[in-house]
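Student: Following is a predicted model, sequence given first.
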Amino acid sequence: MPRRNAPKTARFQEKRDTLLAAAARQFNAQGVKGATLGEIAASVGLVTTSITYYYRKKEDLATACFLRAIVAHESLALQAATEASVAARVMRFFDLHAHMLAGIERGEQPPLIMFSDIRALPEAQAATVFAAYTDMFRRVRALLAGPETAALERDDLNARAHLLLSAANWARAWIHRYEVDEYPHVAQRIAQLLLNGLEAPGQAWPADDVMAALQLAAPGARASGLDETADAFLRAATELVNEQGYRGASVDKISARLHVTKGSFYHHNETKLDLITACFERSFGVLRHTLRAAEQAAGPGWLRACAAAAALVRFQLSDHGPLLRSTATSALPDDAQRDQVRHTLQRLTERITSVLVDGLVDGSIRPMDPAIAAQLLSSAINAAAELHRWVPGIAPDNVTQRYTRPALQGLLCGTPAHPAGVTKSPPQG
């Protein structure tokens, strides 16, 4: 936290704001665990001891960055809350968000830290940040509360608020592919897709047995021939990287999570980097298996897109999950590996686009932007690993209806204005 005895002069505030902006850039590039005070100081022409005049420790500086980003997003929600309907509030939120990102890209506003590394903070600072993030989450959830959603339960609203906020957070990672003056138009498409979903008129949500018949789920460790001990190391390392980044997932912590010795770790793994590389390959393999199966399956694109998303979200919550978060790439120590992983993730997102285009061609998916829709589905799948924080009772047997379905049918599905039926038998097409 800021030093209490530091004078709050205009020059102090200006220097602190410059420091927070530089720190946000470094934390986004290297993760909270990977960035150093020395690098942050050097980026603004200071020495490390100068930073301690403002923040005693790196973790205090990171906490200040997170709190500033939370305040910025909470402000968007408060402004959007003045609109009269759920749809208008969601549209306004994303419009304001796009203008904020455009201002950052143009250098008119300071950069903001990504939220993906909050768990890398020590317990005391993490508690402070999570409390503030939860308050902001409630503001965002309130955007979805109204006569239109009165029939939904609190867990439904929580799941849909998580979809909305995750889509906004993930947009920061890919919207730069567009021209800055296009950001508001992209945001409008994001909001429309989130609100209205992908299905064409006359389509409905496929029944569970219809989707299961496509057999898109990735096999478990035993079925795929992977040694169960090796798989346990992969899952433990994946969980820790998701929580604390590459540098935070130490050999000691991975070993402790599995209740084994450090010697046991090195008996099964050459190095930590080799294990984390295998974690990425495992996650890519699950995504690739399911998306390839969706491409090759019979039936309309809408059915195959629903089944693929449902299978991947269930995997996240199963004993075999989770998948590595897309944002885990930022903390990889090797630039070449980081670029390779990001390119692989981009190619896998293009495979989601391919399934959606099939639906556009066969008429089962309504006219929309498939590239943006694929990013939203990727965001929903990725964010499912954190869903238990907002919906404590979420499980593989109820996540499809509570979370995956609104990800594809829209945030208002299942409400009087947007009743959502269920397809009883495989649709033709």
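Tutor: That came through, no problem.
Student: what's whatever helix or strand residue 406 lives in packed up against?
Tutor: Following DSSP states H and E, the helix or strand that holds residue 406 is helix 405-409. Helices and strands touching helix 405-409, by 3 or more Cβ pairs under 8 Å, 6 or more residues apart in numbering; DSSP states H and E, are helix 154-174, strand 205-206, helix 301-317, helix 370-383. Where C-beta positions appear, they are placed from N, C-alpha and C, glycine not excepted.
Student: Alpha carbons of it, as CSV, please.
Tutor: The C-alpha atoms that make up helix 405-409 are tabulated as CSV, following Å, rounded to 0.1, in the frame of the first residue of the first chain:
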residue,chain,number,x,y,z
ARG,A,405,-26.3,-22.3,-22.6
PRO,A,406,-26.4,-18.6,-22.0
ALA,A,407,-22.9,-18.3,-23.5
LEU,A,408,-24.4,-19.5,-26.8
GLN,A,409,-28.1,-18.5,-26.5
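Student: Quick check: mean pLDDT of that helix?
Tutor: Averaging pLDDT along helix 405-409 yields 97.
Student: next one: stretch 29-42
Tutor: For stretch 29-42, the mean pLDDT works out to 89.
Student: List of residues touching that stretch?
Tutor: Contacts of stretch 29-42 from elsewhere in the structure, counted by Cβ atoms under 8 Å, 6 or more residues apart in numbering, are 19, 22-23, 26-27, 47-48, 50-52, 58-59, 61-62, 117, 120-121, 244-248, 330-331, 333.
Student: now the residues you listed: which count as buried?
Tutor: Neighbour-count burial (16 or more other Cβ atoms under 10 Å) is assigned, among these, to 19, 22-23, 26-27, 51-52, 58-59, 61-62, 117, 120-121, 244-248, 330-331.
Student: ok, and the closest non-adjacent residue to residue 176?
Tutor: In space, not counting the residues next to it along the chain, residue 176 is nearest to residue 105; the distance is 6.8 Å by Cβ to Cβ, 6 or more residues apart in numbering.
Student: what about the one you found, how many neighbours?
Tutor: For residue 105, the count of nearby residues is 15 (other Cβ atoms under 10 Å).
Student: Need the contact partners of the helix or strand where residue 235 lies.
Tutor: In this structure, residue 235 is located in helix 228-248 according to DSSP H and E. Residues lying outside helix 228-248 but in contact with it, judged by Cβ under 8 Å, 6+ apart, are 31-34, 117, 119-120, 221-222, 249, 253-254, 257-258, 265, 268-269, 272, 275-276, 278-279, 282-283, 320-325, 328, 330-333, 385.
Student: Got a PyMOL select line for the buried ones in these?
Tutor: Selection of the buried residues among those in PyMOL, burial being defined by 16+ other Cβ under 10 Å:
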select buried, resi 31+32+33+34+117+119+120+221+249+253+254+257+258+265+269+272+275+276+278+279+282+283+320+321+322+323+324+325+328+330+331+332+385
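Student: so of the contacts of helix 228-248, which ones are in helices?
Tutor: 31-34, 253-254, 257-258, 265, 268, 272, 275-276, 278-279, 282-283 (DSSP state H).
Student: would residue 145 count as being in a helix?
Tutor: No. Counting by DSSP: H, G, I helix; E, B strand; the rest coil, residue 145 is not part of a helix but coil.
Student: how deep is the closest residue to it other than its chain neighbours tucked in, by neighbour count?
Tutor: Distance criterion Cβ to Cβ, 6+ apart; nearest residue to residue 145, sequence neighbours excluded, is residue 157 at 6.6 Å. By the measure other Cβ under 10 Å, the count of residues near residue 157 is 19.
Student: need the contact list for residue 157.
Tutor: In this structure, residue 157 makes contact with 141, 144, 145, 149, judged by Cβ under 8 Å, 6+ apart.
Student: do residue 129 as well
Tutor: By Cβ under 8 Å, 6+ apart, the contact list for residue 129 reads 63, 66, 67, 70, 118, 121.
Student: Please report the distance of the residue nearest the centre of the chain from residue 376.
Tutor: In the chain, the centroid-proximal residue (Cα atoms, centre = their mean) is residue 383; its distance is 4.2 Å. When Cβ to Cβ, to the nearest Å is the yardstick, residue 383 and residue 376 sit 10 Å from each other.
Student: Sketch out the low-pLDDT regions of the stretch 1-150 of the chain for me.
Tutor: In the predicted model of the stretch 1-150 of the chain, residues 1-8 satisfy pLDDT under 70.
Student: how many other residues sit next to the closest residue to residue 253 other than its chain neighbours?
Tutor: The shortest distance from residue 253 to any residue that is not its chain neighbour, by Cβ to Cβ, 6+ apart, is 5.6 Å, and that residue is residue 240. The number of residues packed around residue 240, counting by other Cβ under 10 Å, is 21.
Student: what do you get for the one 10 residues further on?
Tutor: A total of 15 residues lie near residue 250 under the criterion other Cβ under 10 Å.
Student: Likewise for residue 382?
Tutor: When counting by other Cβ under 10 Å, one arrives at 25 neighbours for residue 382.
Student: ok, it - contacts?
Tutor: The contact partners of residue 382, by Cβ under 8 Å, 6+ apart, come to 166, 170, 323, 325, 326.
Student: can we see that at 10 Å?
Tutor: 116, 166, 169-170, 242, 312-313, 316, 322-328, 345 (Cβ atoms under 10 Å, 6 or more residues apart in numbering).
Student: likewise residue 112?
Tutor: For residue 112, the contacting residues are 20-21, 24-25, 28, 65-66, 68-73, 100-101, 104, 172, taking Cβ under 10 Å, 6+ apart as the criterion.
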